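K.L.:
here is the input, now give the coordinates:
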Amino acid sequence: MTRVYNFSAGPAALPEEVLAQAQSELLDWHGSGMSVMEMSHRGKEFMSIAEKAEADLRELMNVPANYKVLFLQGGASSQFAMIPMNLIGRTGKADYMRTGSWSKKAISEAKRYGEITVTVDSEVDGKFTSVPAAGDIEVSSRAAYVHYTPNETIEGVEFPYIPDTGDVPLIADMSSTILSRPVDVSKFSMIYAGAQKNIGPAGLTLVIVREDLLGNPLDGTPTMFNYATHAEAGSMYNTPPTYGWYLAGLVFQWLKDKGGLAGMAEINERKAKKLYDAIDASSFYANPVDPACRSWMNVPFTLANADLDADFLKQAGEAGLKTLKGHRSVGGMRASIYNAMPEAGVDTLIEFMQEFERKNG
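P.N.:
Predicted coordinates for the structure are as follows:
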């Protein structure tokens with residue numbers, strides 16, 4: 001078996017050690033005689049898995065005691081609706097920052113449930129390549145919350161700071177940056193993330209929400225879309241995504257073994273710097289994002305001659321460097337270098353890029 005370096009934006013690579021452990025436990029988890037996929041979600045075996053995963057996540061992120069941690073389904077896209085359903089009711093209004101493709105989708109969905117003010121719009125000539133300076137962000141009067149996307153996966157644009165929204169709750173879609181570095185959870189009222197980038201397999205969605213925001217959904221909110229339903233039931237109101245929860249727990253333990261989020265941040269910052277430095281040192285490759293707003297996790301780049309894109313992707317694939325094609329709305333290439341991408345993978349990509357430039361520049 002030969003493992004490739006998978007630069008997919010999501011579903012993304014998982015740590016090889018985690019996959020190996022899951023493989024070894026697939027048929028019989030810790031002498032139970034069952035796979036985790038076959039266990040009752042209310043049985044003592046799975047409850048022990050769930051409790052440890054939550055405890056490890058709380059430890060990794062230093063989640064305050066007055067926050068609930070929910071393991072849900074539906075992906076981050078379901079949260080685009082669940083957030084206003086649960087949180088906009090206090091005033092009927094909310095602020096959103098429009099900085100890329102995912103925040104655009106969040107705004108479109110939220111408009112179904114209340115009055116949405118787009119306080120930040122960083123699109124220029126149809127492209128998103130920067131975010132506003134911290135001092136340029138304003139909060140509307142009577143906003144029930146402020147929503148933003150710290151990292152736009154498609155465009156590779158990242159906020160280098162946490163916006164200050166005063167007493168207005170700050171909501172963050174951290175799908176592509178969660179667990180990649182330490183973050184002060186107390187500065188947010190809610191953090192949510194699809195699992196398939198830094199947490200585990202697709203199908204699991206993580207929500208970290210402050211308790212005082214629960215219990216005031218819009219009239220007509222379905223039971224399953226009410227955060228309080230899941231908070232009161234310990235994410236066990238229905239059958240949760242048990243195998244995804246289990247794999248997330250293995251990833252949390254892997255992160256602890258790697259030195260926690262501080263250790264992960266050192267590796268991730270180093271990986272990103274290496275790749276950006278290689279791009280910037282070349283006239284053959286270019287990154288379109290303002291250097292002050294470049295993502296650690298998603299690195300888009302273009303070739304000086306777009307006619308070579310197909311050859312680049314074909315030869316990269318033959319070299320074991322997979323899923324480098326950029327999103328259709330941006331073009332070029334995109335290397336997603338989440339936690340599970342080893343530094344050796346980035347080094348190998350850079351070596352390939354330099355060799356491809358030597359032959360085609």
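K.L.:
quickly find the element holding the residue lying closest to Lys127 once chain neighbours are set aside.
P.N.:
Spatial nearest neighbour of Lys127, chain neighbours left out: Pro288 (7.0 Å); criterion: Cβ to Cβ, 6 or more residues apart in numbering. For glycine as for every other residue, the C-beta is placed from the backbone atoms N, C-alpha and C. Per DSSP states H and E: Pro288 is located in neither a helix nor a strand.
K.L.:
what residues sit buried inside the strand or helix carrying Glu45?
P.N.:
Element membership for Glu45 (DSSP H and E) is helix 44-61. For helix 44-61, burial by neighbour count (16 or more other Cβ atoms under 10 Å) applies to Glu45, Phe46, Ile49, Ala50, Ala53, Glu54, Asp56, Leu57, Arg58, Leu60, Met61.
K.L.:
pick out the most distant pair among the residues you listed.
P.N.:
For these, with distances taken as Cβ to Cβ, the pair at the greatest spread is Glu45 and Met61 (25.4 Å).
K.L.:
so this protein: which segments form each domain?
P.N.:
17-257, 260-360 (automatic domain parsing).
K.L.:
could I get those as CSV with distance to Tyr5 and mean pLDDT?
P.N.:
What follows is the domains of the chain, written out as CSV (distance: least, Cβ to Cβ, whole Å; pLDDT from 0 to 100):
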stretch, distance to Tyr5, mean pLDDT
domain 17-257, 15, 97
domain 260-360, 4, 97
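K.L.:
among those, which comes closest to Val4?
P.N.:
domain 260-360 (4.5 Å).
K.L.:
next, the distance between the ends of the closest one.
P.N.:
For domain 260-360, the separation between the terminal residues is 41 Å (Cα to Cα, to the nearest Å).
K.L.:
chain center to it, what's the gap?
P.N.:
Remark: domain 260-360 is offset 18 Å from the chain centroid, using Cα atoms, centre = their mean, to the nearest Å.
K.L.:
repeat that for stretch 22-39.
P.N.:
Its chain's average C-alpha position is 28 Å from that of stretch 22-39, according to Cα atoms, centre = their mean.
K.L.:
got a list of contacts for that stretch?
P.N.:
Glu45, Phe46, Ile49, Thr242, Tyr243, Tyr246, Leu247, Leu250 (Cβ atoms under 8 Å, 6 or more residues apart in numbering).
K.L.:
can you lay out the residues you listed as a markdown table showing distance to Tyr161?
P.N.:
Formatted as a markdown table, the contacts of stretch 22-39 follow (distance: Cβ to Cβ, whole Å):
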| residue | distance to Tyr161 |
| --- | --- |
| Glu45 | 43 |
| Phe46 | 39 |
| Ile49 | 36 |
| Thr242 | 37 |
| Tyr243 | 36 |
| Tyr246 | 35 |
| Leu247 | 32 |
| Leu250 | 32 |
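K.L.:
now, among those residues, which is nearest to Leu70?
P.N.:
Thr242 (14.6 Å).
K.L.:
who's in contact with the closest residue to the closest one other than its chain neighbours?
P.N.:
Nearest non-adjacent residue to Thr242, counting by Cβ to Cβ, 6+ apart: His41, 5.3 Å away. Taking Cβ under 8 Å, 6+ apart, we find His41 in contact with Ala50, Met236, Thr239, Pro240, Thr242.
K.L.:
what does Arg90 give?
P.N.:
Ala144, Asn216.
K.L.:
run the last query once more with 6 Å
P.N.:
Counting by Cβ atoms under 6 Å, 6 or more residues apart in numbering, Arg90 makes contact with Ala144.
K.L.:
buried sites along the longest helix along the chain?
P.N.:
As assigned by DSSP state H, the longest helix anywhere in the chain is helix 260-280. For helix 260-280, the neighbour count (16+ other Cβ under 10 Å) marks 260-261, 264-265, 267-268, 271-272, 274-276, 278-279 as buried.
K.L.:
with distance to Gly361 added, can I get these in TSV?
P.N.:
Below are the buried residues of helix 260-280 laid out as TSV (distance: Cβ to Cβ, whole Å):
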residue	distance to Gly361
Gly260	41
Leu261	39
Met264	35
Ala265	34
Ile267	30
Asn268	29
Lys271	24
Ala272	24
Lys274	20
Leu275	18
Tyr276	19
Ala278	14
Ile279	14
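K.L.:
what's the burial count for Asp309?
P.N.:
Number of residues near Asp309 (other Cβ atoms under 10 Å) recorded here: 17.
K.L.:
quick one, strands of the stretch 251-361 of the chain?
P.N.:
285-286, 298-303, 321-322, 333-336 (DSSP state E, counting those that start in this stretch).
K.L.:
give me the sheet partners of the first one and which way each runs.
P.N.:
If I follow you right, that is strand 285-286. strand 298-303 (antiparallel) (DSSP bridges).
K.L.:
now do the third one
P.N.:
Using DSSP bridges, the strands paired with strand 321-322 in its sheet are strand 5-6 (parallel).
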